[in-house]
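Q: Sequence first, predicted coordinates after that:
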Amino acid sequence: MSDPRIYRLLDASSNRAVEAVRVVEDIVRFIFNDQMMTREWKTFRHDLCSVLQVLSIDMRLAFRQADADVGASIALGSEMQRGSVAEILAANLARLQQSLRSLEEAGKLIDADAAQKIEALRYESYTLAAASQTIGVSIDRLQQVKLCVLIDGGASDQQFCRLIDMLVSASVGAIQLREKKVDDSRLMALARILVAKTRRRKTLSIINDRPDIAALAGTDGVHVGQEDLSVRDARQIVGPQSVIGVSAHSLDQLNRAVLEGANYAGIGPIFASKTKQFATHGGISLLKEVVNQTALPLFAIGGIDTKNVDTVIEAGAKRVAVAAAITAAPDPAQVVAALHQRLDFANSQAESPDENTPSR
């Protein structure tokens, strides 16, 4: 039999791990109001508690000596200081992962199978931690972005520049360059114009499909589709500070986007689009299915205009991505203003956290 005092270490690490995961779960549940991540962390907590059952509670209690803990009186000033929810989240994620490692190593002396399961949970925690922290960052960074306008290169540089200037002046939150009919040299030139026009302004510059162009031009981000590079691969190109959006046509695709670290998702197509053809349309039913599943910023996309945007908002959307309804309009600024008015009202009327939040 191994040194029975190992149970003292296992007891302390078990308590730390379970306490930390509860804090994380409470943050994604009550602060982020994220049903998907609440479900993930709740499942994680239950799996962890199930593994810990192999540790004899009698032995744990027998060696539990909190009053004699030589480390209890050692306190760092930073431990009692937290400047934000993000800091609380980061501290408890670190505490969880460190405790899991301690459990894994000490558990090898008691039950190799349990130690292996804890190792698997530790690796799972890395994925869940990254996704949870990305959601927090994305909520903050895209808080004011309610309208994304998709544009192409236009008939000339002058027309392209005039459109961007108008959109920026109208306080559009993001402009996404979606241009598939030009060569890479021309696409790079357009991307650099977009960056120059939006630099130090509140409008984000996004490139469609091409993380390489986004990285070279220095845009704020890139948007990828289901047939493009994955979010994780795109992140390797554009780096940690770039915004990455992904198209999601189902709840499963949205779940994957969240766990891969996307900063936002485009949900659709909601209606038939004049600028992009799809074999099928998820429609309002798709929007209703996914809109309350995650706190990650979601943009309804596909055929949205001033005539149907209220239907989209009623389905739960707080953000929309629009193309032809603005770019092909006789007065694009007027359409932007009308959409902003509807979206601003919807966001001001947003309900408090859902009463149907998952139970403990």
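A: Cool, got the structure. Residues are numbered from 1 along each chain as shown.
Q: hey, where'd the helices end up in the stretch 151-300 of the chain?
A: Counting by DSSP state H, counting those that start in this stretch, the stretch 151-300 of the chain has helices at residues 157-169, 184-198, 211-217, 231-238, 251-260, 283-290.
Q: Flag every buried residue along the second one.
A: Yep, that's helix 184-198 we're talking about. Neighbour counts over helix 184-198 (16 or more other CB atoms under 10 Å) mark L187, M188, L190, A191, R192, I193, L194, V195, K197, T198 as buried. (Each C-beta comes from the backbone N, C-alpha and C, glycine too.)
Q: can you list those in a markdown table and add distance to D344 and pLDDT?
A: Compiled in a markdown table, the buried residues of helix 184-198 are given as follows (distance: CB to CB, whole Å; pLDDT from 0 to 100):
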| residue | distance to D344 | pLDDT |
| --- | --- | --- |
| L187 | 33 | 98 |
| M188 | 35 | 98 |
| L190 | 30 | 98 |
| A191 | 29 | 98 |
| R192 | 32 | 98 |
| I193 | 29 | 98 |
| L194 | 25 | 98 |
| V195 | 27 | 98 |
| K197 | 24 | 98 |
| T198 | 21 | 98 |
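Q: Send me stretch 42-53 as PDB with only the CA atoms.
A: Extracted as PDB, the C-alpha positions of stretch 42-53 are listed here (Å, rounded to 0.1, in the frame of the first residue of the first chain):
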ATOM      1  CA  LYS A  42     -21.900  20.700 -15.900                       C
ATOM      2  CA  THR A  43     -21.100  17.500 -17.700                       C
ATOM      3  CA  PHE A  44     -17.400  18.000 -17.000                       C
ATOM      4  CA  ARG A  45     -18.100  18.500 -13.300                       C
ATOM      5  CA  HIS A  46     -20.300  15.400 -13.100                       C
ATOM      6  CA  ASP A  47     -17.600  13.300 -14.900                       C
ATOM      7  CA  LEU A  48     -14.900  14.600 -12.500                       C
ATOM      8  CA  CYS A  49     -17.000  13.800  -9.400                       C
ATOM      9  CA  SER A  50     -17.700  10.300 -10.800                       C
ATOM     10  CA  VAL A  51     -13.900   9.700 -11.200                       C
ATOM     11  CA  LEU A  52     -13.200  11.000  -7.700                       C
ATOM     12  CA  GLN A  53     -15.600   8.500  -6.200                       C
END
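Q: Residues touching it, excluding its own?
A: 14, 17-18, 21-22, 25, 103, 114, 117-118, 121, 124-125, 128, 358, 360 (CB atoms under 8 Å, 6 or more residues apart in numbering).
Q: And that stretch, how far out from the chain middle?
A: Relative to its chain's centre, stretch 42-53 lies at 24 Å (CA atoms, centre = their mean, to the nearest Å).
Q: With stretch 140-150 instead?
A: For stretch 140-150, the distance to the chain centre is 14 Å (CA atoms, centre = their mean).
Q: just checking, V24 touches N92?
A: Yes: here V24 lies in contact with N92, judged by CB atoms under 8 Å, at a distance of 5.3 Å.
Q: Neighbour count for those two, which is higher?
A: Comparing V24 with N92 by other CB atoms under 10 Å, the one with more neighbours is V24, at 26 against 21.
Q: Which helix or which strand is home to the more buried one?
A: Using DSSP states H and E, the element containing V24 is helix 6-26.
Q: Tell me which other helices or strands that helix touches.
A: For helix 6-26, the packing partners by 3 or more CB pairs under 8 Å, 6 or more residues apart in numbering; DSSP states H and E come out as helix 35-52, helix 57-62, helix 85-107.
Q: Is the most centrally placed residue in the chain within a helix or a strand, and which one?
A: Centroid-nearest residue in the chain, with CA atoms, centre = their mean: I135, separated by 3.5 Å. Assigned by DSSP H and E, I135 belongs to helix 112-141.
Q: Any buried residues in that helix, and which?
A: Buried-residue list, helix 112-141, by 16+ other CB under 10 Å: 114-115, 117-119, 121-122, 124-125, 128-129, 131-139, 141.
Q: Show me the chain divided up by domain.
A: 6-139, 144-348 (automatic domain parsing).
Q: now, of those domains, which is deepest in the fold?
A: Neighbour counts (mean count of other CB atoms under 10 Å) averaged over each of those peak at domain 144-348, with a mean of 19.
Q: Ends of it, what's the gap?
A: 12 Å (CA to CA, to the nearest Å).
Q: do stretch 209-220 as well
A: First residue to last in stretch 209-220 (CA to CA) measures 14 Å.
Q: How are the strands of the stretch 201-350 of the chain distributed by residue range?
A: 204-208, 221-224, 243-248, 264-267, 298-301, 320-322 (DSSP state E, counting those that start in this stretch).
Q: Let me have the ones you listed in JSON lines, adding mean pLDDT and distance to D165 as columns.
A: What follows is those, written out as JSON lines (pLDDT from 0 to 100; distance: least, CB to CB, whole Å):
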{"stretch": "strand 204-208", "mean pLDDT": "98", "distance to D165": "13"}
{"stretch": "strand 221-224", "mean pLDDT": "98", "distance to D165": "20"}
{"stretch": "strand 243-248", "mean pLDDT": "98", "distance to D165": "22"}
{"stretch": "strand 264-267", "mean pLDDT": "98", "distance to D165": "25"}
{"stretch": "strand 298-301", "mean pLDDT": "98", "distance to D165": "23"}
{"stretch": "strand 320-322", "mean pLDDT": "98", "distance to D165": "18"}
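Q: Having no further points to raise, I will conclude here.
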